[in-house]
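**Q** Sequence first, predicted model second:
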Amino acid sequence: MVIIMSKIVVCNQKMFLSYDEAEKISNELLKYNDENLIICPSALNMDLYSKYNIGAQDCYYEDSGSFTGEISPYHLALKGVKYVIVGHSERRCYDDDKTINKKILAAQKNKLIPILCIGESKYDRDLNRTAEVLKRQLTIGLKNVKDEIYIAYEPAWLIGKNKSLSINEIEDTCTYIRKLLKGLRISNYKLLYGGSVTDLTIENIISNKLDGYLVGKTCCDVDKLLKIIKCTKM
């Protein structure tokens, strides 16, 4: 019998929840809270999750300054935030790999653990350029990175869908990512999978080759999220 270790579950609530809705989820989820559960609420809802491991959904690469609308990694750290998502596919239209690298370094300078999202578009996948895209994203994104980091592989074209990659596709890609990380001399990392991680797909993508999962919209439904958490603890 294969024993699956308890996995990390990162919940990216995006911009789905009002304050009242986020408060309800925080209260309902509290009895299931543990160190492997990371909640990434909107900036307006962060105070509701003070008893959890909190992650931000993005940050800027400067600690302070005239940067209207941005969020300082220094201020996030002061607020008790421990993690920050960087390079999510929904943000990559604004940031190139060099900018993402600057955000990672700024986060680590402030003792935040970055969760770097990488992944190919449908266009790149159709052209068999997944390996090339992942290599570029990691090589540039992780330049001069020395401290702990999480890597989340999320095929951009699957986000928001009700199907994920097959377990074989996920594991093959993760093996390739680990090979790239070894070549970049990155050893202090956790490897996650995102891209349509839902209550309907989770049972088919549990793997010993993954350290955890990045969950999107589904994490805003407590019953569905609890099913995911239960599957990761089998």
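**A** Sure thing, it's come through. Bear in mind that the values here come from a model prediction, so they are computed numbers and not experimental data.

**Q** How far off centre is the lowest-mean-pLDDT helix or strand in the chain?
**A** One helix or strand of the chain scores below all others by mean pLDDT, DSSP states H and E: helix 122-126, with a mean of 91. Centre-to-centre, helix 122-126 and its host chain are 21 Å apart (CA atoms, centre = their mean, to the nearest Å).

**Q** Repeat that for stretch 82-95.
**A** How far stretch 82-95 lies from its chain's middle: 9 Å, per CA atoms, centre = their mean.

**Q** next one: stretch 107-120
**A** For stretch 107-120 - counting by CA atoms, centre = their mean - the centre lies 9 Å from the chain centre.

**Q** same question, stretch 200-219
**A** The chain centroid and the centroid of stretch 200-219 are separated by 11 Å, computed with CA atoms, centre = their mean.

**Q** quick one on the thing from earlier: next helix or strand past the least confident helix or strand of the chain?
**A** The first helix or strand that comes after helix 122-126 along the chain, using DSSP states H and E, is helix 130-141.

**Q** Does that next one pack against any helices or strands, and if so which?
**A** On a contact count with 3 or more CB pairs under 8 Å, 6 or more residues apart in numbering; DSSP states H and E, helix 130-141 meets helix 97-109, strand 113-118, helix 122-126, helix 167-183. In short, each C-beta sits where N, CA and C put it, glycine included.

**Q** Just say which of those is most tucked in.
**A** strand 113-118 (a mean of 26; mean count of other CB atoms under 10 Å).

**Q** And for that one, what's in contact with it?
**A** When contacts are defined by CB atoms under 8 Å, 6 or more residues apart in numbering, strand 113-118 is touched by residues 10, 55, 82-89, 100, 103-104, 107-108, 133-134, 137-138, 141-142, 147-154, 177, 192, 194, 214.

**Q** same deal with stretch 28-48?
**A** Residues from elsewhere that reach stretch 28-48, judged by CB under 8 Å, 6+ apart: 6-15, 17, 19, 22-23, 26, 49, 51-57, 71, 79, 81-83, 85, 212, 222, 225-226, 229, 232.

**Q** dump the residue contacts of Y83.
**A** For Y83, the contact set (CB under 8 Å, 6+ apart) comprises 10, 38, 40, 53-56, 112-115, 150.

**Q** and if we set it to 10 Å?
**A** The neighbourhood of Y83, defined by CB atoms under 10 Å, 6 or more residues apart in numbering, consists of 10, 38-40, 53-56, 76, 107, 112-115, 150.

**Q** same question, E132
**A** By CB under 10 Å, 6+ apart, the residues touching E132 are 120, 124.

**Q** ok, the nearest residue to K135 once chain neighbours are set aside to N27 distance?
**A** Distance criterion CB to CB, 6 or more residues apart in numbering; nearest residue to K135, sequence neighbours excluded, is L180 at 5.9 Å. Taking CB to CB, to the nearest Å as the measure, L180 and N27 are separated by 41 Å.

**Q** Could you do V145 as well?
**A** V145 is 37 Å from N27, where distance means CB to CB.

**Q** likewise D211?
**A** 28 Å.

**Q** which other residues reach the least confident helix or strand of the chain?
**A** By CB under 10 Å, 6+ apart, the surrounding residues in contact with helix 122-126 are 119-120, 129-134, 155-158.

**Q** picking up where we left off before, so which of D211 and N27 has more stuff around it?
**A** Set side by side, D211 and N27 show more neighbours around D211, with 18 against 11, by other CB atoms under 10 Å.

**Q** Once you drop chain neighbours, what's closest to the more buried one?
**A** If the residues on either side of it in the chain are set aside, D211 comes closest to K190, at 4.0 Å by CB to CB, 6+ apart.

**Q** likewise K233?
**A** Beyond its immediate neighbours in the sequence, the residue positioned closest to K233 (CB to CB, 6+ apart) is S6, lying 4.9 Å away.
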